[in-house]
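>>> Build me a structure from this.
(2 chains)
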Number of protein chains: 2
Amino acid sequence: MSQQVYQRVALIGLGLIASSMFWAIKRGGLVGEVTGYARSAETRDTARRIGLCDRVCDSAAEAVEGADLVVLCVPVGAMGPVMEQIRDALKPGATVSDVGSVKGHVIDVVAPLIPEGVHFVPAHPLAGTEHSGPESGFAELFDNRWSLLVPVEGSDPQAVARLRALWEGMGAHVDEMDADHHDLVLAVTSHAPHLIAYTMVGVADDLRRVTDSEVIKYSAAGFRDFTRIAASDPTMWRDVFLTNKEATLEILGRFTEELFALQRAIRTGDGDHLHDYFTRTRAIRRGIIEAGQDTAAPNFGRTSE
Amino acid sequence: MSQQVYQRVALIGLGLIASSMFWAIKRGGLVGEVTGYARSAETRDTARRIGLCDRVCDSAAEAVEGADLVVLCVPVGAMGPVMEQIRDALKPGATVSDVGSVKGHVIDVVAPLIPEGVHFVPAHPLAGTEHSGPESGFAELFDNRWSLLVPVEGSDPQAVARLRALWEGMGAHVDEMDADHHDLVLAVTSHAPHLIAYTMVGVADDLRRVTDSEVIKYSAAGFRDFTRIAASDPTMWRDVFLTNKEATLEILGRFTEELFALQRAIRTGDGDHLHDYFTRTRAIRRGIIEAGQDTAAPNFGRTSE
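Predicted coordinates for the structure are as follows:
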């Protein structure tokens, strides 16, 4: 059913997202040849060993030569430096895309470096796990998840349509959105929750009166779900917060305000306020299950080990 | 291998924990007869329909008659009123226990109501899911999870040992702890994380510029893990916060302090502070996996739907 969407695709950066893209592309037979590049020699060796990419190159410029699509799969803070390395090697008519979690900043940094005659279509697949690196990818990562395309002014409609076809071929649903709205939506659904989870896990680690071993043993009471989120790649997340500063701080401000109101309700014994608040949040969960974005099985369907 | 621990056990309240206890008791052949009582007639009907408990009684007093062990499986705020209903029906030599998430308050309320000649051994199994009600239980809920016994002054060692045998028979590991320390440990591993998750989900629901449907569609980026926690039973959690006020507010205070420090790092662009913090939290996750308290499979081993 699926058919080839691009002749040649270059993946720059070979972590969780790029490696999952490669396996999903192979599964769908979506691309003639996939080249890959990672800055670390160790990562390139691993990629060669596990057959990640049809060809692993020793420079980014070599990887993008002749590619119809180049996808930047590096932390947001590394997008600019990578573009400097590849801009002169890009094929005329090629499309550059990315998978960064922040879109405004990536566009500010990358768009000015796109050569005449090359298309730029930023994107962001909303899928991930707590694992990172070239061995963490799997073909099903994007199945039934959303991938957001964020076309910039003057993005060629045909280039956008082709990238959409690739993401759909990898199993994703595709929506289009402008960069500012994307960055606000992600601040709510991803960036603020990650910072909050990191914070809570850090606090638990820091307390002198409760040992780490207690925190670890007794984590099943709720805490362990936070630790999954707080185990995500530190470099990627540092860059996200530094480059989506405004929207993240805005949401964290709203969060703190609400948290203070709930703390006051606890302090004053206002049970009705708490009960009403906790009842309201159940509806969102139901919506997520119905939308197929999570499993209704208790405990995410974890089996007891 | 397993053997009968009690002749007769009464479960008061028939929600997630009690129904899981019943199925785990049956699996292990741990008890001769299990009676059950729930305040709502609808819950009692459901229990009879699905075979939950060997005998469902129409009053709490009837359920505890002749029971060697009575387990209070109601929200923390309902423990006192339930004790009033059963205290005169308790068999001499019986043990009263509970499964409340807060121990100091339960002991303050329940201990004075325990008749002469009846033992009181508070307990708390650290296991749960986001589902509630009589149909949410399953025999494996406690497998490889911790159940904490919190003996009070003068708790009979034999009564404690027998309750321990029951929990071990249901698949749990057992630790003993004093009430104050329990309430602090749980504030860290459970109560604060729940309040934080409820808060974040409430904020997302409240924002005018991001629609609920966007939050739901794009939740896979991290947010959906919060919604699982924030879908837990509102009555149970209201009672937890109102009765473990001090420890919860202490941990939330530490959390806010740390969150402000990270917000400042974002605002000032202090990437090193963020990266160091995010690196540290990964170790806790590894500890949880190694301790068998969660799965290392990406995404909790969720299958893509």
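
>>> mind checking how far the residue in the stretch 1-150 of chain A that chain B sits nearest to is from A:Tyr198?
In the stretch 1-150 of chain A, no residue comes nearer to chain B than A:Thr129, which is 3.3 Å away by CB to the nearest CB. C-beta coordinates here come from the backbone N, C-alpha and C atoms, glycine included. As judged by CB to CB, to the nearest Å, A:Thr129 and A:Tyr198 stand 16 Å apart.

>>> Check A:Val109 too.
With distances taken as CB to CB, A:Val109 is found 25 Å from A:Tyr198.

>>> So these two - more neighbours on which side?
Shown here are A:Val109 and A:Tyr198; by other CB atoms under 10 Å in any protein chain shown, A:Tyr198 has more neighbours (28 against 17).

>>> for that one, what are its contacts?
Contact partners of A:Tyr198, counting by CB atoms under 8 Å, 6 or more residues apart in numbering or on different chains, are A:Ile229, A:Ala230, A:Trp237, B:Leu262, B:Tyr277, B:Phe278, B:Thr281.

>>> The closest residue to A:Thr279 other than its chain neighbours: neighbouring residues, count only.
Closest residue in space to A:Thr279, ignoring its immediate chain neighbours: B:Pro234 at 4.7 Å, by CB to CB, 6 or more residues apart in numbering or on different chains. Applying other CB under 10 Å, we find 21 residues neighbouring B:Pro234.

>>> So what does B:Pro234 look like in phi/psi?
Main-chain dihedrals, B:Pro234, degrees, to the nearest 10: phi -60, psi -40.

>>> Then A:Arg49?
phi -60, psi -40.

>>> Just give the number of residues close to it.
So A:Arg49, with other CB under 10 Å, has 11 neighbours.

>>> need the longest helix for chain A.
Assignment by DSSP state H gives helix A:245-268 as the longest helix of chain A.

>>> What's the first helix or strand after that one?
Per DSSP states H and E, the first helix or strand lying C-terminal to helix A:245-268 is helix A:271-290.

>>> in chain A, which spans are helices?
A:16-28, A:41-50, A:60-64, A:79-86, A:104-110, A:157-169, A:179-186, A:192-206, A:212-217, A:223-229, A:234-243, A:245-268, A:271-290.

>>> Could I get those helices in CSV, plus columns for mean pLDDT?
As requested, the helices of chain A are exported to CSV (pLDDT from 0 to 100):
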stretch, mean pLDDT
helix A:16-28, 98
helix A:41-50, 98
helix A:60-64, 98
helix A:79-86, 98
helix A:104-110, 98
helix A:157-169, 98
helix A:179-186, 97
helix A:192-206, 95
helix A:212-217, 92
helix A:223-229, 91
helix A:234-243, 96
helix A:245-268, 97
helix A:271-290, 92
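
>>> Ok, which of those helices comes nearest B:Val121?
helix A:212-217 (20.5 Å; CB to CB).

>>> and the closest one, how far out from the chain's middle?
29 Å (CA atoms, centre = their mean, to the nearest Å).

>>> now stretch A:54-61
The chain centroid and the centroid of stretch A:54-61 are separated by 23 Å under CA atoms, centre = their mean.
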